[in-house]
Structures are given as C-alpha cells and as structure tokens.
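Peer 1: pasting the sequence and the predicted model now:
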Amino acid sequence: MIQEHYDVVIVGSGPGGATMAWKLAQTGKRILLIERGGYLKRERENWDTRAVFAEGRYQVDETWTSASGATFRPGLHYYVGGNS
C-alpha cells in the first residue's frame, strides 16, 4: 500500500472547497480534494435552465428528514463543483 502525506484534506469540490484548495495551493501545501460525485456529462441540457432548475435534471434522488419529521428533497448535485 502506498502511503501519501497531505497537509490538508478538503471534502467537497463545491464553491467553498474549491476556493479553499486554490488558495492553499498557492502556499505550497500538499492538498487532497475529495469529491463524492463524478464529472457532469456534457450534453445540451447542461445549458437548458428549465431542465437544470425547474425539472431538476441533475439533482440527486434523495429524501431527507427535517428536525420536525417532514421529508423533503434537498436539491443537491453530487458532481465535481458541487452545487455551483
């Protein structure tokens, strides 16, 4: 098993994680950026606001439960870049 050393591990490549990785990379630190999703497939619907936002084309099919017990779909996208 190869062991790697990283100075910083960032979970998530969304706006916060990517910004932090970019800023820390300028310091020379070794950074590991972990993302649970893959790359979004390149297709015409990427640029269709109705498909993306109204139809939720790329949203995960998950149901969460609130503190009060109500269920809802969180509207998340598990892709490189997160919800950006």
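Peer 2: It's in.

Peer 1: which residue packs closest to the residue positioned nearest the centre of the chain, ignoring adjacent ones?
Peer 2: For the chain, the residue nearest the mean C-alpha position is residue 82 (2.3 Å; CA atoms, centre = their mean). With CB to CB, 6 or more residues apart in numbering as the criterion, residue 82 has its nearest non-adjacent residue at 2.3 Å, and that residue is residue 14. The C-beta positions use only the backbone N, C-alpha and C, and glycine is treated the same way.

Peer 1: what's near enough to touch that neighbour?
Peer 2: With contact set as CB atoms under 8 Å, 6 or more residues apart in numbering, residue 14 has these partners: 81, 82, 83, 84.

Peer 1: now do the same contact list for the third one.
Peer 2: Taking CB under 8 Å, 6+ apart as the definition of contact, the neighbours of residue 83 are 14, 15, 76, 77.

Peer 1: in helices only, show me these.
Peer 2: With helices identified by DSSP state H, the entries of the contacts of residue 83 that belong to them are residue 15.
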